[in-house]
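Engineer: Next come a sequence and a model predicted from it.
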Amino acid sequence: MTTIDSHQHLWDPGAVEYPWLGPQHSPIDGVMAFDELRPQLRAAGVDATVLVQSADNDADTDAIVAYVPLDDPERAASRLAELRRDSRIVGVRNLIHDIPDPDWLLGPAVDRGLGVLEDADVSFDLVAVLPRHLENLATISERHPRLRIALDHLAKPPIGGDAGTWWSLIETAAQNPLVSAKVSGLYSSTGAMGDWTLDGIRPFFDRALDVFGPERLMYGGDWPISVLAGGYGRVWDALSALFDELPARDRDRIRGGTATEFYRLDPERLQLATAAMAAG
């Protein structure tokens with residue numbers, strides 16, 4: 001089974017504007033390139049990655065999960081057509097967690113933009129960080145019953161805090177069989193980002209496993225954000241310890257099978273990526 005990291009980023013603030021990125025994010029507020037990540041992937045035994053956009057602008061769309069302006073459906077359609085000339089483009093994401101209106105996805109223009117993705121059979125990565133974001137997922141599912149959705153970072157469970165609301169909303173989210181979730185970005189929600197422990201994230205992983213099943217969960221390393229949470233190796237070691245407790249078939253699904261199926265990754269490209277990783 002090919003091991004796939006379903007969620008990683010690259011950026012260069014000198015070439016692209018990242019409004020959310022600043023000195024408060026040091027040491028990752030500079031160029032974060034794949035050459036820095038590659039040895040960490042090799043050490044973890046990861047064969048390939050899904051590169052996810054990091055800014056809502058056209059300059060940052062050289063990614064597998066790219067950006068199109070969902071609030072401008074006509075432009076979204078034309079831009080998506082341009083991007084899909086490259087077969088590596090398999091999904092779309094907008095940084096909705098940086099938008100003040102938690103109901104932004106429900107607006108009429110954005111709703112039509114999501115319809116563009118649905119009609120093109122292109123998946124949508126949902127960055128749900130507020131309970132309201134998860135609540136709105138049910139409405140989106142009703143409006144767009146053919147839209148495949150990846151729930152980034154298990155919708156940011158309140159690790160270290162009160163899990164009650166998330167506990168119930170994640171079950172509702174999982175009722176849509178076209179929604180999958182990424183076991184990624186599971187950092188402390190109280191205090192410092194790195195104040196998470198294996199025992200602290202375990203209940204949230206177990207809950208996700210219970211409601212989604214392994215066939216709709218996928219591993220994500222969330223580099224370089226994970227640098228602020230102890231580093232790629234620390235995140236990989238903790239999540240791998242959870243995965244290793246599962247039967248081999250379930251473990252393989254989370255480590256690569258689900259990402260391959262959800263994103264419909266090209267087998268030939270996966271082979272090339274695996275060969276390149278092995279070659280260093």
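Structural biologist: Great, that's in hand.
Engineer: what about the nearest residue to L198 once chain neighbours are set aside, distance to A66?
Structural biologist: On the basis of C-beta to C-beta, 6 or more residues apart in numbering, the spatially nearest residue to L198 that is not a chain neighbour turns out to be A238, at 4.8 Å. Placement of C-beta: from N, CA and C, glycine included. Counting by C-beta to C-beta, to the nearest Å, the separation of A238 from A66 is 29 Å.
Engineer: Neighbour count: the two, which is higher?
Structural biologist: Neighbours per residue, other C-beta atoms under 10 Å: of A238 and A66, the larger number sits with A66, 25 against 21.
Engineer: Now the phi/psi pair for that one, please.
Structural biologist: With angles defined as degrees, to the nearest 10, A66 sits at phi -100, psi -180.
Engineer: can I assume it is in contact with L51?
Structural biologist: No - with contact defined as C-beta atoms under 8 Å, A66 does not reach L51; the gap is 9.1 Å.
Engineer: how about the strands in the stretch 1-150 of the chain?
Structural biologist: With DSSP state E, counting those that start in this stretch as the criterion, the stretch 1-150 of the chain has strands at 4-8, 48-51, 65-66, 91-93, 123-126, 149-151.
Engineer: Could you identify which of those is most buried?
Structural biologist: Highest mean neighbour count of the strands of the stretch 1-150 of the chain: strand 4-8, a mean of 28 (counted as mean count of other C-beta atoms under 10 Å).
Engineer: which residues sit in contact with the closest residue to L169 other than its chain neighbours?
Structural biologist: Leaving out its chain neighbours, the residue that sits closest to L169 by C-beta to C-beta, 6+ apart is L134, at 4.1 Å. Taking C-beta atoms under 8 Å, 6 or more residues apart in numbering as the criterion, L134 is in contact with 128, 155, 166, 169-170, 172-173.
Engineer: could I get the residues you listed as JSON lines with secondary structure and distance to D244?
Structural biologist: Compiled in JSON lines, the contacts of L134 are given as follows (DSSP: H, G, I helix; E, B strand; the rest coil; distance: C-beta to C-beta, whole Å):
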{"residue": "A128", "secondary structure": "coil", "distance to D244": "28"}
{"residue": "A155", "secondary structure": "helix", "distance to D244": "24"}
{"residue": "W166", "secondary structure": "helix", "distance to D244": "25"}
{"residue": "L169", "secondary structure": "helix", "distance to D244": "28"}
{"residue": "I170", "secondary structure": "helix", "distance to D244": "23"}
{"residue": "T172", "secondary structure": "helix", "distance to D244": "29"}
{"residue": "A173", "secondary structure": "helix", "distance to D244": "26"}
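Engineer: and which of the residues you listed is nearest to D206?
Structural biologist: The shortest approach to D206 among those belongs to I170, at 11.5 Å (C-beta to C-beta).
Engineer: so the closest one touches D210, yeah?
Structural biologist: No - under the criterion of C-beta under 8 Å, I170 makes no contact with D210, lying 9.5 Å away.
Engineer: Those two: who's more crowded?
Structural biologist: Neighbour count, other C-beta under 10 Å: between I170 and D210, I170 has more, with 24 against 11.
Engineer: Read off the pLDDT value for the more buried one.
Structural biologist: Per-residue confidence (pLDDT) for I170: 98.
Engineer: How about L209?
Structural biologist: Predicted confidence (pLDDT) for L209: 98.
Engineer: ok, now P19?
Structural biologist: Note for P19: predicted pLDDT of 96.
Engineer: Count the neighbours of A138 for me.
Structural biologist: Neighbouring residues of A138 were enumerated by other C-beta under 10 Å; the total is 14.
Engineer: now do the one 10 residues further on
Structural biologist: By the other C-beta under 10 Å criterion, the neighbourhood of R148 contains 21 residues.
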